[in-house]
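Enquirer: Would you be able to build a 3D model of this:
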Amino acid sequence: MRSAPLDVPTALRIGRGTLRKMRQNLAWAIGYNSIALPVAAGIFESALGLVLRPEIAALSMSGSSIIVAVNALALKRLRLPAAAASPAKPAPGTPAAPRTAHGA
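Expert: Residues are numbered from 1 along each chain as shown. Predicted coordinates for the structure are as follows:
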């Protein structure tokens, strides 16, 4: 980003998108852990017969981390406001437009 005032809408859009992804990832982590931790602790073993082997727990935790990372990568698809039109610069090696005298 440059220090141009016209970049403020872009910075705001990036900030809002980042906060939205953070909330999504936090919601996913809370939901996943609220289900997975009691199962891993064996709370449902006597009632429902649910037992989670340590290998499966490690794989599912890695899968959860991958889901969070992929969700964060979706920020690359964030639509940013169009850049302000800047004056066209001549290509290197082309002569500049002739200047006219004022008041002539």
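Enquirer: Under a three-state scheme, what state does the closest residue to Pro9 other than its chain neighbours occupy?
Expert: Nearest in space to Pro9, with sequence neighbours left out and distances taken as Cβ to Cβ, 6 or more residues apart in numbering, is Pro81 at 4.6 Å. Where C-beta positions appear, they are placed from N, C-alpha and C, glycine not excepted. Secondary structure, DSSP: H, G, I helix; E, B strand; the rest coil: Pro81 is coil.
Enquirer: hang on, isn't Pro81 packed against Ile14?
Expert: No. Between Pro81 and Ile14 there is no contact under Cβ atoms under 8 Å: 10.3 Å.
Enquirer: what touches both of those two?
Expert: Overlap of the contact sets of Pro81 and Ile14 (by Cβ atoms under 8 Å, 6 or more residues apart in numbering) is empty.
Enquirer: Which positions within the longest helix seen in the chain qualify as buried?
Expert: Across the chain, the longest stretch assigned as helix under DSSP state H is helix 8-41. Within helix 8-41, the residues that count as buried by 16 or more other Cβ atoms under 10 Å are 10, 17, 21, 32, 39-40.
Enquirer: same deal with stretch 55-66?
Expert: Using 16+ other Cβ under 10 Å as the test for burial, stretch 55-66 gives Ser64.
Enquirer: who's in contact with it?
Expert: Outside stretch 55-66, the residues that touch it by Cβ under 8 Å, 6+ apart are 28-29, 32, 36, 40.
Enquirer: now that stretch, how far from the chain's geometric center?
Expert: Centre-to-centre, stretch 55-66 and its host chain are 22 Å apart (Cα atoms, centre = their mean, to the nearest Å).
Enquirer: With only the CA atoms kept, save that stretch in PDB.
Expert: The C-alpha coordinates for stretch 55-66 follow below in PDB (Å, rounded to 0.1, in the frame of the first residue of the first chain):
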ATOM      1  CA  GLU A  55      -3.900 -41.400  16.300                       C
ATOM      2  CA  ILE A  56      -7.300 -40.500  15.000                       C
ATOM      3  CA  ALA A  57      -7.400 -37.500  17.400                       C
ATOM      4  CA  ALA A  58      -4.100 -36.200  16.100                       C
ATOM      5  CA  LEU A  59      -5.200 -36.600  12.500                       C
ATOM      6  CA  SER A  60      -8.500 -34.800  13.100                       C
ATOM      7  CA  MET A  61      -6.700 -32.000  14.900                       C
ATOM      8  CA  SER A  62      -4.400 -31.600  11.900                       C
ATOM      9  CA  GLY A  63      -7.400 -31.600   9.600                       C
ATOM     10  CA  SER A  64      -9.000 -28.900  11.700                       C
ATOM     11  CA  SER A  65      -5.800 -26.800  11.400                       C
ATOM     12  CA  ILE A  66      -5.800 -27.300   7.600                       C
END
